[in-house]
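Visitor: sequence and predicted model, in that order:
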Amino acid sequence: MASTLSPSTGTPSPPEMSERIRNAADISVIVVYFMVVMAVGLWAMLKTNRGTVGGFFLAGRDVAWWPMGASLFASNIGSGHFVGLAGTGAASGIATAAFEWNALFLLLVLGWFFVPIYIKVMTMPEYLRKRFGGKRLQIYLSVLSLFICVALRISLDIFSGAIFIKLALGLDLYLAIFILLAITAIYTITGGLASVIYTDTLQTIVMLIGSFILMGFAFAEVGGYESLQRSRLIPHFRDPITGDIPWPGMIVGMTIVAAWYWCTDQVIVQRCLSGKDMSHVKAACIMCGYLKLLPMFLMVMPGMISRILYTEKVACVVPSECVKHCGTEVGCTNYAYPMLVMELMPDGLRGLMLSVMLASLMSSLTSIFNSASTLFTMDLYTKIRKRASERELLIAGRLFIILLIVISILWVPLVQVSQNGQLFHYMESISSYLGPPIAAVFLLAIFCKRVNEQGAFWGLMTGLVIGLIRMTAEFAYGTGSCLAASDCPKIICGVHYLYFAIILFFVSITVILGISLLTKPIPDVHVNFSKSTWYQGQKTKNRTIRYAFLPFKLAKKVYYEYVQFW
């Protein structure tokens, strides 16, 4: 299998496709899409109070459950999902869907256990400061989160979006990225979280309509689900030792990484903090859980179909053949979804699908920009300017978004010459190296009152060092390919990244508990911060509990109906 961490040798031109978006119907659809997005962003900007910190960063805590749930989904489903998840589906088969269905349980944990405790804060680093005391945890988590935003999320979204744009329009990479970032920045900077959430709702509708249409065309072309089933692609359960997605790691390691993302990440939690009350928050989490059932059908299976229809191109292994088909030596699976769009969709619908890709890219970027500016303003800038007024904080947040956009554009050359393999595996592997220590700290902070600041800090530092050693080694040596093994020492890179996440998680927990037990407990005022909000959250009236486990029932039914024969 082609690896995501093996560097390419250059930046060749994009492959030639049979069709490009040049006709009036496609261009008209794209223009209408941009006009509607800007109109919705302007409406949301005028609808809400953006003159206060709470109004700009948390939409005045007055968002209903349905736009909140749509925004949770849209913030998660970026262009990296359409390109990366479909590409990994083409390479690895149906098991890739486990990355998405794993979120069903974690979304309920977020709504029922974590948000009632977070409800009194604005950022996740702020919670650590109030829970443990001191400032170094807050500053460390803020800096690390901003690094992850730039190095992982923004770069992946930009790169995966650029793949489709180059194939569809043939535009210069930097021109396309500049236009997208400029439009995205306008309503993010001017409208705040409210504009982001309501435009995310529109983007979700566009994404679902377009991807359902493409799924229909793809299944019709391949001959229906029965033909896909007869193809006998890789089974859904992998070998626990040699499999590309080993099933024990998929169950345990993936859950740890998902707990970090869904329950402690600023981009996700910030949407929940904007809700009217806990009932709306829980309903939004349930809604997002329903929507997370769909990527298997809308992205993974179309990726598998693309491999069946265009085997020589999508499933190429020989580097020279891959360069011929998609311009990169390490594999062409990332072109699985764009290839379906360009080959199967008629005029007008190709423009709709480009709008879908733009919607996924812009919704993800707006969420990242808004959350990153919140982290910078509330956790870092307030340490520099302790007496800053609300107006100054709002200006600082908006200016930081501009700075983040500039950094993102400067990061593009690094993305161009690096990870051209399976983007989704790359995203999950990097998350496995950086996320488990954070998940360990937050879980123990909420459920173990004996954990103190020293234990939490040194647990994070230990986990960071171990994770960076693995990540740096893989960047330096690469992870190999189907034809050549990696030169990375086995003691560092010999463990699958999902197993590595399990090891890193329990090492972090051991260090946190060990140091906490060997040092003095923290004052009760910090422990009681979590305790009081926890009990307050438990007393919230809950009208949505009977719907909470329906996504699991649906997932179980879908599994037995469609997956058991694989």
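Guide: All right, it came through fine.

Visitor: any idea how far D347 lies from G459?
Guide: 57 Å (C-beta to C-beta, to the nearest Å). Any C-beta I mention is one placed from the backbone N, CA and C, and that applies to glycine too.

Visitor: between these two, who's got more neighbours?
Guide: Set D347 next to G459 and count neighbours by other C-beta atoms under 10 Å: G459 wins out with 26 against 14.

Visitor: now the closest residue to that one other than its chain neighbours: how far from L208?
Guide: Distances taken as C-beta to C-beta, 6 or more residues apart in numbering place I512 nearest to G459, at 3.4 Å, with adjacent residues excluded. Relative to L208, I512 is positioned 41 Å away (C-beta to C-beta).

Visitor: cool, and T333?
Guide: From T333 across to L208, the span is 24 Å (C-beta to C-beta).

Visitor: okay, these two: which has more neighbours?
Guide: Set side by side, T333 and L208 show more neighbours around T333, with 33 against 18, by other C-beta under 10 Å.

Visitor: what's the closest non-adjacent residue to that one?
Guide: Closest residue to T333 apart from its sequence neighbours, by C-beta to C-beta, 6+ apart: G87 at 3.8 Å.

Visitor: number of nearby residues for the one you found?
Guide: As a burial measure, G87 scores 35 neighbours (other C-beta under 10 Å).

Visitor: pretty sure it belongs to a helix, no?
Guide: Yes. When classified by DSSP: H, G, I helix; E, B strand; the rest coil, G87 is found to be part of a helix.

Visitor: per-residue confidence for it?
Guide: Per-residue confidence (pLDDT) for G87: 86.

Visitor: cool, and the one 3 residues further on?
Guide: We have a pLDDT of 85 for A90.

Visitor: gap between it and V465?
Guide: A90 sits 36 Å away from V465, going by C-beta to C-beta.

Visitor: low-scoring pLDDT stretches of the stretch 101-250 of the chain, where are they?
Guide: The model of the stretch 101-250 of the chain has pLDDT under 70 over residues 173, 187, 190-192, 230-239, 242-243.

Visitor: same thing but 90
Guide: For the stretch 101-250 of the chain, the stretches with pLDDT under 90 are 101-102, 104-105, 113, 119-121, 133-135, 147-204, 206-207, 223-250.

Visitor: all helices of it, in order?
Guide: 103-109, 115-118, 124-132, 136-148, 155-169, 173-222, 225-230, 247-248 (DSSP state H, counting those that start in this stretch).

Visitor: those helices: which one's closest to M362?
Guide: When those are compared by C-beta to C-beta, helix 173-222 sits nearest M362, at 4.9 Å.

Visitor: quick one, what contacts A476?
Guide: With contact set as C-beta atoms under 8 Å, 6 or more residues apart in numbering, A476 has these partners: C488.

Visitor: now it: which helix or strand?
Guide: Element membership of A476 [criterion: DSSP states H and E] is helix 453-477.

Visitor: ok, A90 and V465, which is more surrounded?
Guide: In terms of neighbours (other C-beta under 10 Å), A90 is the more surrounded of A90 and V465; the figures are 31 against 10.

Visitor: would you agree that one falls within a helix?
Guide: Yes. Residue state for A90 (three-state DSSP) corresponds to a helix.

Visitor: what about the helix holding A476, average pLDDT?
Guide: Here the average pLDDT along helix 453-477 is 92.

Visitor: and for stretch 259-268?
Guide: For stretch 259-268, the mean per-residue pLDDT is 94.

Visitor: endpoints of it, how far apart?
Guide: 11 Å (C-alpha to C-alpha, to the nearest Å).

Visitor: pull out the buried positions in it.
Guide: Buried residues in stretch 259-268, counting neighbours by 16 or more other C-beta atoms under 10 Å, are found at 259-268.

Visitor: out of these, which is nearest to M378?
Guide: For these, the nearest to M378 is Q266 (10.1 Å; C-beta to C-beta).

Visitor: for the residue lying closest to that closest one once chain neighbours are set aside, what are its contacts?
Guide: Sequence neighbours aside, S371 is the residue nearest to Q266 in space, at 4.5 Å (criterion: C-beta to C-beta, 6+ apart). Applying C-beta under 8 Å, 6+ apart to S371 gives the contacts 149, 266-267, 270.

Visitor: could you do Y127 as well?
Guide: Applying C-beta under 8 Å, 6+ apart to Y127 gives the contacts 117-118, 121, 445.

Visitor: how near is it to G133?
Guide: Counting by C-beta to C-beta, the gap between Y127 and G133 amounts to 12 Å.

Visitor: now W262
Guide: Distance, W262 to G133, by C-beta to C-beta: 27 Å.

Visitor: number of residues surrounding H81?
Guide: Neighbour number of H81 under other C-beta under 10 Å is 27.

Visitor: isn't it up against V300?
Guide: No. The pair H81 / V300 is not scored as a contact, 9.9 Å apart, by C-beta atoms under 8 Å.

Visitor: and stretch 29-38, average pLDDT?
Guide: Mean predicted confidence for stretch 29-38 is 84.

Visitor: if I look at the residue nearest to G459, how far off is E312?
Guide: According to C-beta to C-beta, I512 stands 51 Å off from E312.

Visitor: higher neighbour count, those two?
Guide: Neighbour count, other C-beta under 10 Å: between I512 and E312, I512 has more, with 28 against 10.
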